[in-house]
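Asks: Okay, here's the prediction I keep looking at, along with the sequence it came from:
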Amino acid sequence: MKPLKTLDIFTFPLKDFFIEVFKEKIFLIGGTIRDYILYKRIDRDRDIDLVVIDHTYDEIEEKLKSFGKTNTVGKSFAVVKFTLRGCDYNFDISVPRRDVKRSDDSHSHKNFIIDSGPHISLKEDLRRRDFTCNSIALRLSDNEIFDPFDGMEAIAEKRISMTGPETFFDDPLRLLRGARFASVHHFNIDPEIYENAKEVRLDELSKERIVEELFRLLLESQQPSRGLNEYWRLTVLEKLFPTLYALSLTIQDAEFHPETDEFGHHTVWAHTMIAMDIAKKISRSFKLDEEQTLALLLATLLHDIGKGATTQWEFKRGRMTVTSAFHDSRGVEIADAFLTDLKIETRKNFPLKETVLKLVKYHHRIYDLFRNREKIGFKAISRLVKDLEEHDLLLLLLDFADRWSREPGPLNFSDPKEDEIIKWYTRQKEEFNITKETIQPIVMGRHLLLQGIPPGKQMGIYLNELYERQLDGEFSTLEEGLEIFRGMKK
């Protein structure tokens, strides 16, 4: 792909409106241009960022406010947020700016003074941006590209390079953003970034910014392992996620885990990365929503995190073997600390942390049931559905990703719904008619009240015992349950 001078067919909603208001003074900037060059489309969900030169903030707001709603919430960053009357598109229109550090001792995003206004050139505004592929401006009036830092060449070469090496590391979040861009767009990171990354402090990054970048990587990338391996190369893994970094130093037994990294090492991290890509692929096959996808991917990322603390050599089956006994239970403790540290609890009312911890705890359970399938009946399946609280599908998919990561060509599977274990488990649920509804407790507190049992501890003991016996298949109707209860009282 050769760098372009203009984008003749480039357009987006309200382009003509902005040209009419600001003439040749308004430019489109940033990722929208990059993505259009790469994919020949405008993503409606993407923020469209505009810069107006030779204007003050107040002049921009004054010109726009008669046409719709302006919001000054971004004034401290020299950004006017604008929504045209009768239109649901939101735009950020900014004044050119440069960021001046308050102190060389801090890398916090709060350690900057914003200098903005007509005296700042467009080139200076672009210079403060992270990567050259994002430091491009397009003049709306004629679609002419302004590319002082050769960003078009970087896009053509699918390369992530620093716009301003002298200030690039002032914002340490750029390491995480670079990993995400590499993963989402299949770009390569310049060696110069790797060479300097070890010196970058990440301890001042807020948990919220870290989690936002991690979640965007997981949701936007079709191959999350690419971005997560960039975390490893950029020392992000070591500095921010040390319990995950330990997995890159933890070996697995080659007989049971033949999968390796690019260097031939049988590490837990290599296994986890392959499983991550499988999990992302099947999340699309099963049409999971964002919250389910995040739960599955976080659980896959953390399912073997206990191996860093439990792996040892052991003489077993006639030879020295690498084992990780009880890594699932130990992993729940470590995963809990990991999620707590990042303040991950719920997302859009979905119990993200709780679900992930259940998946980590039970990630061997599907395979164990299948291995003993001749003995498995209603009791075992119903208990699994109950323990997972309707998220047993996610456990089934985690099990699939875990198993298939050990296969040659792990991403070359066809329809996962035809997998032997998935078919078996689905069939068992159907045959036993096990759903969230069918395993609800039959005997409730109100029923025991009528049997003369007052509310309190003893009623709770009775209800728990009855529910356990219901899940064991001892009764399936209220009458049968109350008959068992009366026998318990004797």
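Replies: Thanks, I have the structure now. Residues are numbered from 1 along each chain as shown.
Asks: What is the burial count for the residue nearest to residue 335 when sequence neighbours are not counted?
Replies: Nearest non-adjacent residue to residue 335, counting by C-beta to C-beta, 6 or more residues apart in numbering: residue 302, 4.3 Å away. The way it works is simple: take the backbone N, C-alpha and C, and place the C-beta from them, glycine included. For residue 302, the tally of surrounding residues (other C-beta atoms under 10 Å) stands at 25.
Asks: Test my guess that residue 302 contacts residue 338.
Replies: Yes - in this structure, residue 302 is within contact of residue 338 by C-beta atoms under 8 Å, at 6.5 Å.
Asks: Just the pLDDT for residue 146.
Replies: With respect to pLDDT, residue 146 has a value of 95.
Asks: pretty sure it is touching residue 136, no?
Replies: Yes - assessed by C-beta under 8 Å, residue 146 is found in contact with residue 136 at 7.2 Å.
Asks: The two - which one has more neighbours?
Replies: Between residue 146 and residue 136, counted using other C-beta under 10 Å, residue 136 has the larger neighbour count: 27 against 15.
Asks: next one: phi and psi at that one?
Replies: Per-residue torsions, residue 136: phi -130, psi 140 (degrees, to the nearest 10).
Asks: and the closest residue to it other than its chain neighbours, how many neighbours?
Replies: Counting by C-beta to C-beta, 6+ apart, residue 136 lies nearest to residue 151, which is 4.3 Å off, once chain neighbours are set aside. Residue 151 has 27 neighbours, counted by other C-beta under 10 Å.
Asks: circling back to that earlier point, shared neighbours of residue 146 and residue 136, anything?
Replies: Residues touching both residue 146 and residue 136 by C-beta atoms under 8 Å, 6 or more residues apart in numbering: residue 126.
Asks: Assign residue 321 to helix, strand or coil.
Replies: At residue 321 the chain is in strand, as set by DSSP: H, G, I helix; E, B strand; the rest coil.
Asks: Verify the contact between residue 231 and residue 176 for me.
Replies: Yes - when contacts are counted by C-beta under 8 Å, residue 231 is listed as touching residue 176 (7.4 Å).
Asks: pLDDT score assigned to the residue nearest to residue 136?
Replies: Per-residue confidence (pLDDT) for residue 151: 95.
Asks: Spit out the contact partners of it.
Replies: When contacts are taken as C-beta under 8 Å, 6+ apart, residue 151 is in contact with 34, 131-136, 163.
Asks: Give me the distance between it and residue 171.
Replies: In this view, residue 151 and residue 171 are 18 Å apart by C-beta to C-beta, to the nearest Å.
Asks: again with residue 149
Replies: As judged by C-beta to C-beta, residue 149 and residue 171 stand 17 Å apart.
Asks: my read is residue 145 is in a strand, agree?
Replies: Yes - looking at residue 145 with three-state DSSP, it is inside a strand.
Asks: okay, now it: neighbour count?
Replies: Neighbours of residue 145 under the rule other C-beta under 10 Å: 19.
Asks: I'd say it and residue 8 touch.
Replies: No - with contact defined as C-beta under 8 Å, residue 145 does not count as touching residue 8 (10.9 Å).
Asks: Quick check: chain neighbours aside, which residue is closest to residue 379?
Replies: Using C-beta to C-beta, 6+ apart and skipping residues adjacent in sequence, the residue nearest residue 379 is residue 472, 5.1 Å away.
Asks: Quick check: pLDDT value at the one you found.
Replies: For residue 472, the model assigns a pLDDT of 84.
Asks: Would you mind listing the buried residues in the longest helix anywhere in the chain?
Replies: Longest helix of the chain, by residue count under DSSP state H: helix 268-285. Buried residues in helix 268-285, counted by 16 or more other C-beta atoms under 10 Å: 268-283.
Asks: out of the residues you listed, which one sits closest to residue 94?
Replies: For the buried residues of helix 268-285, the residue nearest residue 94 by C-beta to C-beta is residue 280; the value is 34.3 Å.
Asks: Could you find the closest non-adjacent residue to the closest one?
Replies: residue 224 (5.5 Å).
Asks: same check, this time on residue 413
Replies: Distances taken as C-beta to C-beta, 6+ apart place residue 404 nearest to residue 413, at 6.0 Å, with adjacent residues excluded.
Asks: Could you report the neighbour count for the one you found?
Replies: Neighbours around residue 404, by other C-beta under 10 Å: 22.
Asks: who touches it in this structure?
Replies: Taking C-beta under 8 Å, 6+ apart, we find residue 404 in contact with 275, 278, 410, 413.
Asks: What is the nearest of those to residue 259?
Replies: Taking the contacts of residue 404 together and measuring to residue 259 by C-beta to C-beta, the closest member is residue 410, at 7.2 Å.
Asks: doesn't residue 278 make contact with that closest one?
Replies: Yes - using C-beta under 8 Å, residue 410 makes contact with residue 278 at a distance of 5.9 Å.
Asks: I'd like the mean pLDDT over stretch 283-300, please.
Replies: If you average the pLDDT over stretch 283-300, you get 97.
Asks: what's in contact with it?
Replies: Counting by C-beta under 8 Å, 6+ apart, 215, 218-219, 224, 272, 275-276, 279-280, 339, 344, 347-348, 350, 352, 355-356, 359-360, 363, 391, 393-394, 397-398, 401-402, 415-417 sit against stretch 283-300.
Asks: Got a PyMOL select line for the buried ones in the residues you listed?
Replies: This is how PyMOL selects the buried members of those, with burial counted by 16+ other C-beta under 10 Å:
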select buried, resi 215+218+224+272+275+276+279+280+339+344+350+352+355+356+359+360+363+391+393+394+397+398+401+402+416
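Asks: Show me the domain layout of the chain.
Replies: The chain is divided into the following domains under automatic domain parsing: 1-161, 280-439, 445-489.
Asks: So which residues make contact with the helix or strand that contains residue 484?
Replies: Element membership of residue 484, judged by DSSP states H and E, is helix 478-489. Under the contact criterion C-beta under 8 Å, 6+ apart, helix 478-489 has outside partners 442-443, 447-448, 451, 462, 465-466, 469-470, 474-475.
Asks: Now render the residues you listed as TSV, adding secondary structure.
Replies: Compiled in TSV, the contacts of helix 478-489 are given as follows (three-state DSSP):
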residue	secondary structure
442	coil
443	coil
447	helix
448	helix
451	coil
462	helix
465	helix
466	helix
469	helix
470	helix
474	coil
475	coil
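Asks: Next, count neighbours for the nearest residue to residue 144 once chain neighbours are set aside.
Replies: Residue nearest to residue 144 in three dimensions, not counting chain neighbours: residue 6, with 5.3 Å by C-beta to C-beta, 6+ apart. Using other C-beta under 10 Å, residue 6 has 12 other residues around it.
Asks: Residue 6: what's it in contact with?
Replies: The neighbours of residue 6, taking C-beta under 8 Å, 6+ apart as the test, are 142-145.
Asks: how does it look with 10 Å?
Replies: Residue 6 makes contact with 138-139, 142-145 under the criterion C-beta atoms under 10 Å, 6 or more residues apart in numbering.
Asks: which of those residues are buried?
Replies: Buried subset of the contacts of residue 6 (neighbour count, 16+ other C-beta under 10 Å): 138-139, 143, 145.
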